[in-house]
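Colleague: Whatever this is, show me its structure:
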Amino acid sequence: MVCCFTGISYADMCKLTKDQIVSDSVKGNGYIYLYRTKTNHPAFIPILPQSQKILDKYINQTPSGKIFHMLSNQKTNAYLKELADICGIKKKLTYHVARHSFAVTVCLENGIPIETLSKILGHTNLRVTQSYARITYAKVMNDMQVLKNRLEY
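Modeller: Sure, this is the predicted structure:
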C-alpha cells in the first residue's frame with residue numbers, strides 16, 4: 001500500500017494524478033505536490049524508493065488519468081480486515097492506519113522532525129500532527145542513544 005510510504009489520505013489518493021507527481025531532474029528526486037481534499041492545505045511529499053516502484057507500476061494504467069483505481073473506503077477497509085484475519089494480525093487495520101504507520105514508523109522513528117512531518121502530511125498546524133506523534137519505546141531508546149553518543153567525547 002503506497003500510503004505506508006507517503007502518508008497520503010484516502011480522499012487524496014482517490015484524486016492523485018500524474019500531474020501531481022513532480023520530478024526534480026537536478027537532484028534526481030521526485031515528490032508529490034497536492035492540496036489536501038480535507039483542508040485545501042498544500043502537502044509536499046518526497047517520494048521514497050518504495051513508493052516510486054509502486055507509482056511506476058500504476059502510472060498511465062487508468063483511462064481516467066488518476067494513478068490508482070480506488071475501491072470505496074469501506075470496501076478497502078473490509079479487505080484490510082480480511083487480510084489481517086488471514087495473517088493473524090490482531091490490530092484493526094484500516095486505510096487510515098497506513099497514514100499513522102507512515103507518520104510514526106517510517107518518519108518519526110527514523111528521525112524526521114515533527115515539523116517536517118507536518119508539512120508532508122499537509123496538516124494546517126503542528127497540533128494536528130502531534131496527535132500522530134505517538135512516541136514509541138524504539139524512538140525513546142534511539143533518541144537516548146544519540147544523546148549518549150553526543151555526551152561521550
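Colleague: List the contacts of the longest strand anywhere in the chain.
Modeller: Once the chain is assigned using DSSP state E, the strand that runs over the most residues is strand 29-35. With C-beta atoms under 8 Å, 6 or more residues apart in numbering as the contact definition, strand 29-35 has outside contacts at 6, 8, 12, 15-16, 20-24, 41-47, 52, 122. (Glycine included, C-beta is placed from N, CA and C.)
Colleague: and these, which of them are in strands?
Modeller: When strands are assigned by DSSP E, the members of those inside them are Ile21, Val22, Ser23, Asp24, Pro42, Ala43, Phe44, Ile45, Pro46.
Colleague: Now flag whichever of these is closest to Ile89.
Modeller: Within those, distances to Ile89 taken as C-beta to C-beta reach their minimum at Ile45, with 26.2 Å.
Colleague: who's in contact with the closest one?
Modeller: Residues in contact with Ile45, defined by C-beta under 8 Å, 6+ apart, are Thr6, Gly7, Ile8, Tyr31, Ile32, Tyr33, Leu34, Ile120.
Colleague: mind running it again at 10 Å?
Modeller: Counting by C-beta atoms under 10 Å, 6 or more residues apart in numbering, Ile45 makes contact with 5-8, 12, 20-21, 30-34, 51, 102, 119-122.
Colleague: Right, I'll call it a day here.
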